[in-house]
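Student: When you get a sec, could you give me coordinates for this:
(chains A and B)
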Amino acid sequence: MIVENLVFYTFSAILLVSSIMVISARNPVHAVLALVATFFLGAGLFVLLGAEFLAMTLVIVYVGAVAVLFLFVVMMLDISFAELRQGFLRYLPVGGLVGLVLVVELVLVELHWTVTPKVLDKPAAPIPPSDQVSNSHALGHILYTQYFYLFQASGLILLIAMIGAIVLSLRSRAHVRRQSVAAQVGRQTADAVAVRQVSTGGGV
Amino acid sequence: MAEIPSILPATPEIFLACSALALLLLGVFKGDCATRLVSHLAAAALLVAAILVLSHSGARVFAFNGMFVVDGFGVFMKTLVLIGAAAVVMVGQGYAAQQRMNRFELPVLIVLSTVGMMMMISANDLMALYMGLETQSLALYVLAAFRRDTQTSTEAGLKYFVLGALSSGLLLFGASLIYGFTGTTNFDRIVAVLASAPKAEIGIVVGMVFMIAGLAFKVAAVPFHMWAPDVYEGSPTPVTAFFAAAPKVAAVALLLRVLIDPFGGLTDQWRQIITFMAVVSMVLGAVGAIQQTNIKRLLAYGSIGHVGYIFLGLAAGSEQGVRGILIYLAVYLVMTVGTFAVVLSMRHQGRPVENIAHFAGLSRTHPMMALVMALFMFSMAGIPPLAGFFGKFYVFLAAIEGHLYGLAVIGVLTSVIAAFYYLRIVKLMYFDETPVESIDQQNDGAVTVVLVGCGVFTALFFFFPVPIMSGAASAAASLFAG
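Tutor: Numbers count the residues shown, from 1 in each chain, chains lettered A, B, ... in the order given. Model (predicted):
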């Protein structure tokens, strides 16, 4: 119990510090790296809760894809973050007000949150106890049986999205050198290297 | 251990999805020079899928844990969608080849979107409904922006995408409310929950209203029609033909299934909304088209008006009403495909014709073409004895039997107004002077086949109405039995 608490508070504290760094760091690359750290720590908190599937997806999707994409954008594009940050104080009152409203709403929801007993009686997919079945196993079990149809349909949607992205953005340009793996692999020593006898002082 | 899910009822969908993948592979390996081949194979695959759909007995069967249902209603609607999509693929190929949008992805995306439509029609669960809808819509967004180098096409794609995303949001919000208040996403269990309570909870009604709004976006009913004229005008013409034909039928099918099947017990609640949308759609469809000079924009307003008449039948909420809608949809599909086939085969100095002024004097330069076009226009206006008259007749009949006299009167009045702009095209073709540069007509074999088929259907429907009529009647009966 004590170990768990210790881990929780350590993770939470570092998470808060790194998330503040995300918005306060001057160098955008540092901000993105702090974001990656935040995601990792969030994943750690999920593991602590016994939700290892969420932790894995957080690391794979957010760290693996989203944060790396940010990093690429930050490095490739010439964005002046100092300019973006101008007027921070000017917008602070409005932003602060919106934030305050959200906080009040959250507190109100938290105070009045009840779950109808009717709903608990008839869940579409009952949750197995987490000490017997790990939740990735439980999710996989219903995903490939009960929700097989929806799973396949999502695959089809992703395929359409991919075709769409290619149709709308791929342009075949002339004079582009492409990698030809077969040609590279099929290359022999004789094609590339020639052994010459060079007479002294004669040159090739 | 869980059983292997029964997938046999979904054979047509699986076949079509697999053939889309095969066509995609073929296209990727052969490149754009295989577009013609891919188009022909896509049309063939759609027709084979239609045969597979028709080979179903018509009994109500479920698959995938009750998320997928096949019944007589689904069979009728899927056949319409597949025939419409196949006809558009055949008609659009020549145009696409000529207007430098000859890419093999066009037929592949049409097939994939048709798979989504079939999933929508067979949905028996809120999640399955959404998945089908997104499969269809995502392919349609890409199709609208298919000519990515022209400003109008990209604008159409973007507009459709933003408004489509908004409508999906509305639909999902409604679906989540319904799930929250009933505890289930399955249509049959929603029926059971609604039947068990004496009065529907307000949350369910609000959720249903949001779902109707989301679906009304997809069928372009007023007040959710804003995208239709711009998207119809901006998209490449074969894509516009597809928009007007197949997705419209599929979205109406989905709306019918949702309103009659899970929310059949709330008919009194949704009738007000449907009645309102019917009236404003009919009026706006009739009045909005009068000023249009672009044939695609004109047909877009025409299709908004047609949705109004379909909602007129739906407002009756009876089996007769649904039968009328099904007949209307079958006739509408044929007329629309035929009209677009005419538009697609017209060229003016090698460029596609969109301005209706170019139709002037068509009867002297291309008498057969003008004859078919006149046939479709008379039919759209609902003049007996053409097919369009029967579509309107059964819808109005259902409204009168449902004691919706006021609605029926408005329907008749607006169809008189709508007749003005349909007949104006006939007048242009037959009585106006031929301009100096006449239209050159370019038909390939496929267009001629589709044109003759649609023309014969429209002209001779009153001789052989039985297959459509009895099919629609049994389909409507199966929807109400479920």
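
Student: Show the pLDDT at the one residue sitting closest to the centre of chain A.
Tutor: For chain A, the residue whose C-alpha lies nearest the mean C-alpha position (C-alpha atoms, centre = their mean) is A:Y62; its distance is 1.3 Å. According to the prediction, A:Y62 has pLDDT 90.

Student: what do you get for the one 10 residues further on?
Tutor: In this model, A:F72 is scored at 85, pLDDT.

Student: and stretch B:411-423, which residues are buried?
Tutor: Buried residues in stretch B:411-423, counted by 16 or more other C-beta atoms under 10 Å in any protein chain shown: B:G411, B:T414, B:S415, B:I417, B:A418, B:A419, B:Y421, B:Y422, B:L423. C-beta here means a position set from N, CA and C on the backbone, and glycine is covered the same way.

Student: low pLDDT regions in chain B?
Tutor: B:1-5, B:436-438, B:441-442, B:482 (pLDDT under 70).

Student: got the residues of it near chain A?
Tutor: Within chain B, the positions near chain A by C-beta under 8 Å from any C-beta of the partner chain are B:2, B:5, B:10, B:17, B:21, B:24, B:63-65, B:67-68, B:103, B:105, B:108-109, B:112-113, B:115-116, B:119, B:127-128, B:131-132, B:134-135, B:138-139, B:141-142, B:145-146, B:148, B:157, B:180, B:183-185.

Student: Tell me the buried residues within the residues you listed.
Tutor: Buried among the residues of chain B next to chain A (16+ other C-beta under 10 Å): B:5, B:10, B:17, B:24, B:63-65, B:67-68, B:103, B:105, B:108-109, B:112-113, B:115-116, B:119, B:127-128, B:131-132, B:134-135, B:138-139, B:141-142, B:145-146, B:157, B:183-185.

Student: Which of those fall within helices?
Tutor: Using DSSP state H, the subset of these located in helices is B:17, B:24, B:105, B:108-109, B:112-113, B:115-116, B:119, B:127-128, B:131-132, B:134-135, B:138-139, B:141-142, B:157.

Student: Which single residue in the stretch 251-400 of chain B comes nearest to chain A?
Tutor: B:L254 (14.8 Å; C-beta to the nearest C-beta).

Student: so how far is A:V198 from the closest residue in space to that residue that isn't next to it in sequence?
Tutor: Using C-beta to C-beta, 6 or more residues apart in numbering or on different chains and skipping residues adjacent in sequence, the residue nearest B:L254 is B:M120, 4.7 Å away. Applying C-beta to C-beta, to the nearest Å, the value for B:M120 to A:V198 is 76 Å.

Student: which one of those two has more residues nearby?
Tutor: Neighbour count, other C-beta atoms under 10 Å in any protein chain shown: between B:M120 and A:V198, B:M120 has more, with 30 against 9.

Student: What residues does the more buried one make contact with?
Tutor: B:L129, B:G132, B:L133, B:Q136, B:A250, B:A251, B:A253, B:L254 (C-beta atoms under 8 Å, 6 or more residues apart in numbering or on different chains).

Student: make it 10 Å
Tutor: B:77-78, B:81, B:128-137, B:215, B:218, B:247, B:250-251, B:253-255, B:257 (C-beta atoms under 10 Å, 6 or more residues apart in numbering or on different chains).

Student: which phi and psi does the closest residue to chain A within the stretch 151-300 of chain B have?
Tutor: Ranked by C-beta to the nearest C-beta, the top residue of the stretch 151-300 of chain B for proximity to chain A is B:G183, at 4.7 Å. Backbone torsions for B:G183, taken as degrees, to the nearest 10, come to phi 80, psi 10.

Student: Check the gap between the spatially most central residue of chain B and B:P107 for me.
Tutor: In chain B, the residue lying closest to the centroid (C-alpha atoms, centre = their mean) is B:K248, at 2.2 Å. B:K248 sits 20 Å away from B:P107, taking C-beta to C-beta as the criterion.

Student: now the strands: where do they sit in the stretch 251-400 of chain B?
Tutor: B:346-348, B:351-352 (DSSP state E, counting those that start in this stretch).

Student: Among those, pick out the one with the most neighbours on average.
Tutor: strand B:346-348 (a mean of 19; mean count of other C-beta atoms under 10 Å in any protein chain shown).

Student: Alright, that wraps it up for me.
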